[in-house]
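A.B. asks: Prediction below, plus the sequence it came from.
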Amino acid sequence: MTDRFIGFILLGLGLALGGGPGWAQTPPAPIAVGKPACPSPGTIYTFTDSSSIQALAGATAPFCRFANLNGGQQVDLMLGAFSAASPIVQTNIDVLTSLLPLQVGKTVTLARPGASAAMVTVEKHETVEVPVGTLACYVLLWTEPSGQGRWERRWWYCPSLGSAAKYNASFEVVTPSGRTLSTNPASWELQSVQVP
């Protein structure tokens, strides 16, 4: 199982989760209809962690359906990031969809029974360079406390692709002496797109 799809599965357990050169090179406007479009069924995204996913029909926007080509598992993702199988997403579906239309600065708080709340913010617009090309994206930031530290997960969601073009996770812990320790356990970028 690839690291990318493990990220999908972790999201499904409650943690949360493009295009060629010249696509959407100016900062994107808010999505006017309130629901992003899903990629055409059959579109294949390959990432720098050697994983590939294929867009499938059958989900209702804002969720889009994908299959892991390395293992066959299916997942419905909102904005290329948030899995419909995740208990926290299921519990907070109305809260998450209130992020639409996407607009920089929008923030929502996600209730987590028995745990501190998570937050999702449309952090900024950013034109990002990834192996497939230069893309205009919204940066979606998911933060949540965990033990003595805090997770920060970022997805670069590109409306022109209907998916994310980049992902980065980091975990920070502040030691009793006040020193901040950081790790980056996962990251990937969009390497190629095949459109049917």
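C.D. replies: Done, it's in.

A.B. asks: you'd agree Ser52 is up against Thr43?
C.D. replies: No - Ser52 sits out of contact with Thr43 when judged by C-beta atoms under 8 Å, with a separation of 10.9 Å. Glycine gets a C-beta too; all of them are placed from N, C-alpha and C.

A.B. asks: pLDDT value on the residue nearest the centre of the chain, please?
C.D. replies: Nearest to the mean C-alpha position of the chain, by C-alpha atoms, centre = their mean, lies Ala81 at 2.5 Å. At Ala81 the predicted local confidence, pLDDT, stands at 91.

A.B. asks: So it versus Val193, what's the distance?
C.D. replies: According to C-beta to C-beta, to the nearest Å, Ala81 and Val193 sit 17 Å apart.

A.B. asks: before we move on, what about Ala37?
C.D. replies: Noted for Ala37: a distance of 15 Å to Val193, by C-beta to C-beta.

A.B. asks: Could you do Thr48 as well?
C.D. replies: When C-beta to C-beta is the yardstick, Thr48 and Val193 sit 13 Å from each other.

A.B. asks: Same drill for those two, tell me which one is more crowded.
C.D. replies: Val193 (19 against 16; other C-beta atoms under 10 Å).

A.B. asks: so that one is in which element?
C.D. replies: Val193 belongs to strand 180-194 when assigned by DSSP states H and E.

A.B. asks: Please put the alpha-carbon coordinates of that strand into CSV.
C.D. replies: Extracted in CSV, the C-alpha atoms of strand 180-194 (Å, rounded to 0.1, in the frame of the first residue of the first chain):
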residue,chain,number,x,y,z
THR,A,180,10.1,23.1,19.3
LEU,A,181,10.8,19.8,17.5
SER,A,182,9.3,19.3,14.0
THR,A,183,9.0,16.3,11.8
ASN,A,184,7.6,16.0,8.2
PRO,A,185,6.4,12.5,8.0
ALA,A,186,4.7,12.8,4.6
SER,A,187,4.7,14.9,1.4
TRP,A,188,4.0,14.4,-2.3
GLU,A,189,3.6,16.5,-5.4
LEU,A,190,1.7,15.9,-8.7
GLN,A,191,4.0,14.3,-11.2
SER,A,192,1.7,13.7,-14.2
VAL,A,193,-1.9,13.9,-15.4
GLN,A,194,-3.4,11.6,-18.0
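
A.B. asks: How far away from the center of its chain is it?
C.D. replies: Using C-alpha atoms, centre = their mean, to the nearest Å, the mean C-alpha position of strand 180-194 is found 11 Å from that of the whole chain.

A.B. asks: same deal with stretch 90-102?
C.D. replies: Relative to its parent chain, stretch 90-102 has a centroid offset of 14 Å by C-alpha atoms, centre = their mean.

A.B. asks: let's number from 55 now, not from 1
C.D. replies: Sure, I'll start counting at 55 from here, so that last one is stretch 144-156.

A.B. asks: List the buried residues for that stretch?
C.D. replies: Counting neighbours by 16 or more other C-beta atoms under 10 Å, one finds that the buried residues in stretch 144-156 are 146, 150, 153-154, 156.
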